[in-house]
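1. predicted model and sequence below, questions to follow.
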Amino acid sequence: MIYIEKISGFAHIQDLGRFGYRNFGIGHAGAMDPLALQAGNLLLENTFDASAIELSLGGITLTFDCDTPFCLTGALCEAYLDDNPIYAYWRYTAKAKQRLTIKRLTQGNYCYLCVAGGFLVPQVLGSYSTDLKAGFGGYKGRCLAKGDHIPTGKRDLYLSSIGIEPIAFTNNIYFIASSEFSAFTSESQQYFTQQTWSLSQNSNRMGYRFSGEKPLQLKQPLEMLSYAAPMGTVQVPPDGQPIILMADTQTTGGYPKIACVIQADLGRLAQNKLGDPLQFHLISRQQALEISQQNQLYLENIRRTTYEAR
């Protein structure tokens with residue numbers, strides 16, 4: 001069990017998401033940085049999709065009621081176990097009554113607190129993720145608050161302290177061309193990859209909005225039917241400033257799609273802070289597969305590290 005004593009950011013329970021219900025208008029939610037969530041779970045010998053706390057835009061203070069292995073992944077942060085500094089991508093075992101304080105995020109946008117066995121919240125439609133828009137899943141369908149107490153999956157367990165390679169931050173994001181890429185002018189196709197885009201302040205878990213000096217333009221007006229809109233889809237509204245759909249995206253969209261961020265880079269995209277400059281790079285499907293395989297190799301290395309530490 002953990003007891004939340006103080007919270008200054010946005011925190012909620014997430015796993016890898018809720019799938020198979022988009023035809024009912026239910027989004028998948030889930031972690032904004034899926035690779036970081038998987039890394040933390042594997043470091044704790046959990047299943048890769050166990051539930052964790054996703055924290056952004058602030059800090060949190062909580063107490064463990066029993067010996068509990070835990071780790072922090074994703075964003076780097078200033079954090080303490082009682083008065084001792086701790087570090088992201090390291091596994092620790094908290095003793096009963098010890099206090100974990102995450103004061104602030106120092107690099108990155110989303111931090112994951114993973115615990116041995118995950119958090120024991122009700123599973124809704126096959127997932128533990130919080131759907132903040134619809135108000136269900138996770139812990140009572142909402143953000144966590146002072147006074148909340150959440151059961152953990154394993155009690156009175158000890159795991160040795162080990163560390164793994166952190167996931168690198170980057171503002172260079174890879175994409176593949178989407179179905180309406182050719183409907184944009186050749187100049188706009190070049191603008192999308194050649195100019196630097198700024199992550200706008202009104203971005204959130206639903207969508208990352210970007211502003212650039214040269215807006216994107218279609219060759220001619222285009223009438224669009226509604227289409228399924230998964231995370232990573234790059235839509236271009238009439239103002240020519242692209243929007244990338246994120247974890248809490250709506251299930252359908254109607255704006256022209258110039259690109260889709262590769263799945264392997266979604267977490268790296270999410271970790272950029274508001275106002276950060278980004279650049280996009282067009283790659284082939286084969287190159288996208290190779291980057292995905294690199295992510296899988298990273299996770300396999302974590303499995304090997306935890307196995308050897310037993």
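-> Okay, I see it. Numbering: from 1, shown residues only.
2. tell me which stretches of the stretch 51-200 of the chain form helices.
-> Using DSSP state H, counting those that start in this stretch, the helices of the stretch 51-200 of the chain run over residues 186-194.
3. then the stretch 201-310 of the chain?
-> 266-270, 285-308.
4. what mean pLDDT does the first one get?
-> Looking back up the chat, that one is helix 266-270. For helix 266-270, mean pLDDT is 98.
5. what's it packed up against?
-> Contacting helix 266-270 under the criterion 3 or more Cβ pairs under 8 Å, 6 or more residues apart in numbering; DSSP states H and E are the following elements: helix 34-43. C-beta: built from backbone N, CA, C; applies to glycine.
6. what's the answer for the last one, then?
-> Other elements packing on helix 285-308 under the criterion 3+ Cβ pairs under 8 Å, 6+ apart are helix 34-43, strand 172-177.
7. any idea which of those gets closest to residue 54?
-> If you check each of the helices and strands packed on helix 285-308 against residue 54 by Cβ to Cβ, helix 34-43 wins as the nearest, at 7.9 Å.
8. and the closest one, what other elements does it pack with?
-> When contacts are defined as 3+ Cβ pairs under 8 Å, 6+ apart, helix 34-43 packs onto strand 52-56, strand 68-81, strand 99-115, helix 266-270, helix 285-308.
9. most tightly packed of these?
-> strand 52-56 (a mean of 27; mean count of other Cβ atoms under 10 Å).
10. what residues does that one touch?
-> Taking Cβ atoms under 8 Å, 6 or more residues apart in numbering as the criterion, the residues outside strand 52-56 that touch it are 9-15, 31-32, 37, 40-41, 60, 74-75, 102, 105, 109-115, 118-119, 144.
11. just checking: what are the partner strands of that strand?
-> Partner strands for strand 52-56, per DSSP bridges, with pairing direction: strand 10-14 (antiparallel), strand 99-115 (antiparallel).
12. tabulate these (JSON lines), appending mean pLDDT and distance to residue 68.
-> Conversion of the strands paired with strand 52-56 to JSON lines gives the following (pLDDT from 0 to 100; distance: least, Cβ to Cβ, whole Å):
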{"stretch": "strand 10-14", "mean pLDDT": "98", "distance to residue 68": "16"}
{"stretch": "strand 99-115", "mean pLDDT": "97", "distance to residue 68": "6"}
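13. TSV for those strands, including distance to residue 255?
-> Compiled in TSV, those are given as follows (distance: least, Cβ to Cβ, whole Å):
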stretch	distance to residue 255
strand 10-14	26
strand 99-115	24
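14. nearest spatial neighbour of residue 244, skipping sequence neighbours?
-> Taking Cβ to Cβ, 6 or more residues apart in numbering as the measure, residue 244 lies nearest to residue 208, with 4.5 Å between them; neighbours along the chain are not counted.
15. show the contacting residues for the one you found.
-> 199-200, 243-244, 246, 269-270.
16. from those, pick the one nearest residue 190.
-> Set against residue 190, the nearest of those by Cβ to Cβ is residue 244 (18.9 Å).
17. any idea what the closest one is bridged to?
-> Bridge pairing for residue 244 - DSSP bridges - gives residue 208, residue 234.
18. got a list of what it touches?
-> When contacts are counted by Cβ under 8 Å, 6+ apart, residue 244 touches 207-208, 210, 232-235, 261, 269.
19. what secondary structure does the residue nearest to residue 127 when sequence neighbours are not counted sit in?
-> Take residue 127 and drop its neighbours on the chain: the residue closest to it by Cβ to Cβ, 6+ apart is residue 18, 3.7 Å away. Local secondary structure at residue 18 is given as coil here, using DSSP: H, G, I helix; E, B strand; the rest coil.
20. what sits against residue 18?
-> Applying Cβ under 8 Å, 6+ apart to residue 18 gives the contacts 26-30, 124-127, 129, 131, 137.
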